[in-house]
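Visitor: how would this look folded up:
(5 chains)
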Amino acid sequence: MCGRFALFSSPASIVDHLHLDSVQLPAGFTPRYNIAPGQEILVIRNNQQPALLRWGLIPGWAKDEKIGYRLINARAETLWEKPAFRRAASARRCLIPADLFYEWEKTADGKQPYAIRMKTGRLFAMAGVWDAWTDRNTGEVIESCTIITTAAVGSLKKIHGRMPLIVPPEHYEVWVESADYPNVDFQNLLKVSTTFAFELTPVGRRLNRPENDDPTILEPASR
DNA sequence: CCAGACGTTGTT
DNA sequence: GTCTGG
DNA sequence: CCAGACGTTGTT
DNA sequence: GTCTGG
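Guide: The predicted structure follows:
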């Protein structure tokens, strides 16, 4: 799955990699090394400025925003069937840029976290969907999103069974242009993403605390 | 018709 | 909101 | 994902 | 164990 990731590339390289027209990233955007569910994450949507949305999808019909704490991931295999995601999947797709994500390997000594980068070292974009929810009491609107997961591939399989679905650059446009391609060939996206090669680095358990958000958590740990 | 769920991961 | 189960 | 709380009454 | 918060 994907329950923690990092995004520390410069705004210029993010804009460049995602072919954004504008260099305008939202106010409050800063380099992050330990992004946790419930926090605001950078998402790219169709014809909109990049924005910070809460990680953890709150469907529009939800009575309580707390449901978002459980909907931090959506399975690619069932995305189009699940009531919580179906609408967002066809109309509200987004890209979530990241420099790396984290997975935990279950071992006899507890859980060993790994930082997982592309072998190329490049920024990449995870597939997501988003929704807007209005608090009936206050009228406050919360925009939120979830990260799509798929079966782990290659070297990742050894430590964990799931991983985020990564969108290849040539599919960025079709993925975010929900209205123009409502039934994008999702299976094809799935297959292409399995060709990525990853590099795994064991890191210290200081990562576990979301408040530890600095580059030192990436220092390789012995295991 | 109304009521109740609506999710993932991992573990059993 | 929309679907499933009763 | 992991960490940390998980409760009430009454008094300060 | 289960839920909430980050």
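Visitor: Where does the prediction get shaky in chain A?
Guide: A:178-194, A:223 (pLDDT under 70).
Visitor: Tell me the residues of it that contact DNA strand C?
Guide: Contact residues, chain A versus DNA strand C (Cβ under 7 Å from any atom of the strand): A:Pro59, A:Gly60, A:Trp61, A:Pro83, A:Arg87. Using the backbone N, CA and C atoms, a C-beta is placed for each residue, glycine as well.
Visitor: try 6 Å
Guide: A:Trp61, A:Pro83 (Cβ under 6 Å from any atom of the strand).
Visitor: ok, the closest residue to DNA strand E within chain A to A:Trp61 distance?
Guide: Closest contact between chain A and DNA strand E, by Cβ to the nearest atom of the strand, is at A:Gly38 (2.6 Å). Separation of A:Gly38 from A:Trp61 (Cβ to Cβ, to the nearest Å): 20 Å.
Visitor: So if I had to pick from these two, which one is more boxed in?
Guide: Legend: neighbour count by other Cβ atoms under 10 Å for A:Gly38 and A:Trp61, higher for A:Gly38 (14 against 11).
Visitor: residues contacting the residue nearest to the more buried one when sequence neighbours are not counted?
Guide: Leaving aside its sequence neighbours, A:Gly38 sits nearest to A:Gly56 (Cβ to Cβ, 6 or more residues apart in numbering; 5.7 Å). A:Gly56 makes contacts with A:Pro37, A:Gly38, A:Gly68, A:Tyr69, A:Arg70, A:Leu71, A:Ile72, A:Ser144, A:Thr146, as judged by Cβ atoms under 8 Å, 6 or more residues apart in numbering.
Visitor: Please flag which of those sit within strands.
Guide: Secondary structure from DSSP state E places A:Ser144, A:Thr146 of the contacts of A:Gly56 in strands.
Visitor: Tell me the buried residues within the contacts of A:Gly56.
Guide: A:Pro37, A:Gly68, A:Leu71, A:Ile72, A:Ser144, A:Thr146 (16 or more other Cβ atoms under 10 Å).
Visitor: which residues does A:Pro164 form a beta bridge with?
Guide: Beta-bridge partners of A:Pro164, counted by DSSP bridges, are A:Thr149.
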